[in-house]
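# got a predicted structure here, sequence first:
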Amino acid sequence: MSDPKPDRICVGAISGAFGVQGEVRLKSFCTDPEDIASYGPLWSEDGLRQFKLKLTRPVAGGLGARLTGIETKEQADALKGISLYVDRKRLPRLPDDEFYHADLIGLEVRDPGGKILGTVRAVHNHGAGDLLEISGAGTDLLLPFTMAAIPTVDLTARRIIADPPDATE
């Protein structure tokens with residue numbers, strides 16, 4: 001089973017061991033990084049492992065954490081690169097103008113005239129705001145996730161209206 005269950009959202013990843021007693025270095029994808037500990041049990045991407053999480057301290061590049069069943073550095077090292085998922089129902093309901101990245105991936109993207117631009121393949125954030133990676137018709141397009149570039153997101157219709165800037169501007 002390589003895909004996460006559709007009712008789970010990725011909220012973090014383990015970036016390695018921290019110390020020698022099974023503590024892990026955790027990268028949280030939550031708006032408030034420490035919220036990752038408040039959503040209940042976390043799951044591996046394949047859904048085969050479940051972890052209870054206890055944050056221990058801030059560390060360079062993330063948070064220190066203890067996971068149930070992980071007691072040695074070797075066990076913690078073995079988890080490096082594991083993405084952590086939470087059941088969607090445990091996450092807070094978002095305001096109408098906010099979206100979970102997982103909800104945007106796979107949406108069809110059209111321009112204001114109805115021409116299909118492609119589908120959202122990924123959402124990136126390199127520090128200056130979210131960018132939607134749109135793939136279609138043999139080209140990839142990166143658009144800022146702003147009201148000017150993305151005026152409409154309709155999750156019910158599974159469609160985004162995008163107004164990309166003119167390449168000649």
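Cool, the structure landed. Numbering: from 1, shown residues only.
# residue boundaries of the strands in this protein?
For the chain, strands defined by DSSP state E occupy the ranges 8-17, 24-28, 42-44, 50-51, 53-59, 62-67, 83-87, 108-110, 116-125, 130-136, 139-144, 152-154, 159-161.
# so which of the ones you listed gets nearest Arg93?
strand 8-17 (12.8 Å; CB to CB). (C-beta placed from N, C-alpha, C; glycine too.)
# packing partners for that closest one?
strand 24-28, strand 42-44, helix 73-78, strand 83-87 (3 or more CB pairs under 8 Å, 6 or more residues apart in numbering; DSSP states H and E).
# repeat that for 7 Å
strand 24-28, helix 73-78, strand 83-87 (3 or more CB pairs under 7 Å, 6 or more residues apart in numbering; DSSP states H and E).
# can you list the ones you listed in TSV and add mean neighbour count and mean pLDDT?
What follows is the helices and strands packed on strand 8-17, written out as TSV (neighbours: other CB atoms under 10 Å; pLDDT from 0 to 100):
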stretch	mean neighbour count	mean pLDDT
strand 24-28	22	94
helix 73-78	15	95
strand 83-87	21	94
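# would you turn the ones you listed into CSV with distance to Ile150?
Output for the helices and strands packed on strand 8-17, formatted as CSV (distance: least, CB to CB, whole Å):
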stretch, distance to Ile150
strand 24-28, 25
helix 73-78, 39
strand 83-87, 26
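# show me the shaky parts of the protein.
1-6, 167-169 (pLDDT under 70).
# can I see the domain layout of it?
According to automatic domain parsing, the chain comprises the domains 8-90, 101-161.
# ranking the ones you listed by burial, who's on top?
Highest mean neighbour count among the domains of the chain (mean count of other CB atoms under 10 Å): domain 8-90, with a mean of 17.
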